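**Student:** this one's sequence-less:
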Ligand code: NDP
Ligand code: HSE
């Protein structure tokens with residue numbers, strides 16, 4: 001146990017800050033600017049015991065006496081009560097936080113990558129010593145989301161958490177939608193404006209959102225879900241034509257993180273959890289469709305509460321520092337009264353459903369020969385794989401030569417009803433092998449998130 005009984009009112013809470021970059025710099029600013037108010041809210045002043053960075057010369061704004069490059073020594077100091085980690089990445093953050101927790105020091109972290117990879121080890125260390133482990137800033141920046149899942153909704157049964165949790169990709173997709181730009185141009189604009197990093201792969205390949213999905217699913221379903229459990233597809237393959245095709249259906253494309261409780265099946269399949277990230281077509285009528293630019297928004301559905309939506313700034317120094325400070329205040333209050341905050345739990349231990357067994361809908365766009373029997377042969381492939389077609393739309397093309405003859409080419413869009421992802425993938429593979437199919441232009445999932453995709457004229 002950490003042995004923290006109630007502290008005398010007014011005994012300062014001493015904080016070791018690990019990292020002083022985009023987020024850490026704002027944490028320092030807010031701690032200084034709001035020192036008196038924070039002390040009043042907590043019942044004790046909060047003091048910085050030290051700040052660990054890699055390159056102290058880059059931080060002339062901080063008193064020299066506070067700076068160190070030895071983060072391990074800083075957290076080992078006996079005058080440190082709380083460790084705030086905003087370094088990022090797996091190591092050395094993992095080793096440092098485990099050391100802190102083992103010695104009973106409470107931890108506040110924004111490190112989604114570490115939590116999604118090895119949150120269980122951190123939580124076990126916190127449980128063993130009785131320290132707090134808070135990480136509100138790790139998902140959706142400033143938006144209060146994890147505490148509502150862990151505390152406000154603790155009496156309810158959450159069925160789905162789905163939303164836009166990556167600002168960079170939402171900025172890119174929004175720019176493509178607004179201007180008709182291609183992916184490369186939109187990424188260039190995102191980089192120029194400082195939204196995308198020099199190496200944007202963690203964002204555009206979906207890994208950042210997958211880490212967040214793992215954290216959300218773990219909390220919502222009381223089950224340990226890691227980043228490796230999350231099916232992950234990014235937005236590199238989304239084209240201007242995909243965006244236009246979605247717009248023609250009164251829909252738009254968003255990179256979604258979807259965490260769902262999947263009920264058990266009639267054949268005795270157990271209840272399970274699905275966690276997945278991919279670009280999906282959603283109806284424009286859905287509130288998530290209106291979330292533009294670098295903003296985040298998350299829909300939570302619970303049996304008794306119904307639908308809840310959380311919206312705001314998902315990144316940036318000050319918004320993220322707001323969430324870090326909120327956690328720091330919570331941890332400090334616990335220290336003042338001598339207790340521990342609510343812990344997360346993984347008692348349900350639900351299995352994670354493999355993506356192939358998750359039911360989704362598809363929007364498949366094909367270039368086909370426009371002659372008798374083509375539609376039947378395409379429909380036959382769907383039927384053979386047990387995938388029910390919800391709608392088919394054909395737009396005619398010009399004359400193109402085929403085997404020396406002249407033949408019409410057409411574009412066919414097929415929207416399916418829900419079917420196991422593996423069946424849909426097998427269908428697409430079979431379609432690619434058909435003589436009459438010149439090419440499968442795009443394959444996108446359709447997520448109506450509880451609302452029918454009305455422009456298609458098909459209920460989910
Ligand atoms: P930055 O890269 O801006 O800052 C990282 C800081 O960590 C720097 O001050 C750096 O030192 C320091 N650092 C790196 N390695 C070490 C080390 N070995 N020992 C001591 N200090 C070290 O990162 P961000 O502030 O952007 O992100 C921090 C965390 O917050 C990450 O986990 C990130 O995922 C998360 N986060 C960030 C958001 C954002 O909008 N930026 C939003 C939500 C979460 P130096 O300054 O000397 O280089
Ligand atoms: N790179 C992330 C984003 C930062 O674009 O949303 C917040 O985690």
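**Tutor:** Yes, it's here. The model shown is predicted, which means the values in this text are computed figures rather than measured ones. Ligands and ions are numbered 1, 2, ... in the order given.
**Student:** Where does pLDDT dip in the stretch 351-460 of the chain?
**Tutor:** By pLDDT under 70, the weakly predicted segments of the stretch 351-460 of the chain are 397-407, 450-460.
**Student:** Would you mind naming what in it lies close to ligand 2?
**Tutor:** Taking Cβ under 6 Å from any ligand atom, no part of the stretch 351-460 of the chain reaches ligand 2. Heads up, the C-betas are built off the backbone N, CA and C, glycines and all.
**Student:** Just list the residues touching residue 116, thanks.
**Tutor:** Listed by Cβ atoms under 8 Å, 6 or more residues apart in numbering, the contact partners of residue 116 are 210-212, 214-215, 226-227, 230.
**Student:** State the pair within those that is farthest apart.
**Tutor:** Farthest apart among the contacts of residue 116 by Cβ to Cβ are 212 and 226. That separation is 12.4 Å.
**Student:** higher neighbour count, the two?
**Tutor:** More crowded of residue 212 and residue 226, by other Cβ atoms under 10 Å: residue 212, with 29 against 20.
**Student:** before we move on, the earlier item: in strands, which of the contacts of residue 116 appear?
**Tutor:** Secondary structure from DSSP state E places none of the contacts of residue 116 in strands.
**Student:** Buried subset of these as a ChimeraX selection?
**Tutor:** Burial among those is assessed by 16 or more other Cβ atoms under 10 Å; the matching ChimeraX selection reads:
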select :210,211,212,214,215,226,227,230
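**Student:** any chance of the contacts of residue 116 in a markdown table, plus pLDDT?
**Tutor:** Conversion of the contacts of residue 116 to a markdown table gives the following (pLDDT from 0 to 100):
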| residue | pLDDT |
| --- | --- |
| 210 | 98 |
| 211 | 98 |
| 212 | 98 |
| 214 | 98 |
| 215 | 98 |
| 226 | 98 |
| 227 | 98 |
| 230 | 98 |
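**Student:** From the contacts of residue 116, pick the one nearest ligand 1.
**Tutor:** Distance ranking of the contacts of residue 116 against ligand 1, using Cβ to the nearest ligand atom, places residue 211 first at 8.4 Å.
**Student:** was I right about that closest one contacting residue 119?
**Tutor:** No: counting by Cβ atoms under 8 Å, residue 211 does not reach residue 119; the two are 9.9 Å apart.
**Student:** Helices of this protein, residue ranges please.
**Tutor:** Secondary structure of the chain (DSSP state H): helices located at 22-33, 35-42, 71-76, 93-102, 112-129, 146-147, 167-179, 183-192, 201-204, 207-221, 240-248, 317-337, 374-384, 421-432.
**Student:** can those go into a markdown table with extra columns for distance to residue 51?
**Tutor:** Below are these laid out as a markdown table (distance: least, Cβ to Cβ, whole Å):
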| stretch | distance to residue 51 |
| --- | --- |
| helix 22-33 | 7 |
| helix 35-42 | 16 |
| helix 71-76 | 8 |
| helix 93-102 | 14 |
| helix 112-129 | 20 |
| helix 146-147 | 25 |
| helix 167-179 | 26 |
| helix 183-192 | 29 |
| helix 201-204 | 25 |
| helix 207-221 | 25 |
| helix 240-248 | 44 |
| helix 317-337 | 14 |
| helix 374-384 | 60 |
| helix 421-432 | 47 |
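**Student:** Go through those and pick out the most buried.
**Tutor:** helix 207-221 (a mean of 28; mean count of other Cβ atoms under 10 Å).
**Student:** and that helix with helix 112-129, angle?
**Tutor:** Relative orientation of helix 207-221 with respect to helix 112-129: 40 degrees, computed using axes from the mean of the first three to the mean of the last three Cα atoms, to 10 degrees.
**Student:** Any idea how many residues pack against the residue of the stretch 301-450 of the chain found nearest ligand 2?
**Tutor:** With Cβ to the nearest ligand atom, the shortest gap between the stretch 301-450 of the chain and ligand 2 falls at residue 315, namely 3.5 Å. Look at residue 315: counted by other Cβ under 10 Å, it has 23 neighbours.
**Student:** Show the model's pLDDT score for it.
**Tutor:** We have a pLDDT of 93 for residue 315.
**Student:** How about the contacts made by the nearest residue to residue 62 once chain neighbours are set aside?
**Tutor:** What sits nearest to residue 62 in space, not counting adjacent residues and going by Cβ to Cβ, 6 or more residues apart in numbering, is residue 51, at 5.8 Å. Applying Cβ under 8 Å, 6+ apart, we find residue 51 in contact with 16-17, 20, 24, 28, 59, 62, 66-68.
**Student:** go on, residue 15?
**Tutor:** Counting by Cβ under 8 Å, 6+ apart, residue 15 touches 31, 46-49, 80-84, 328.
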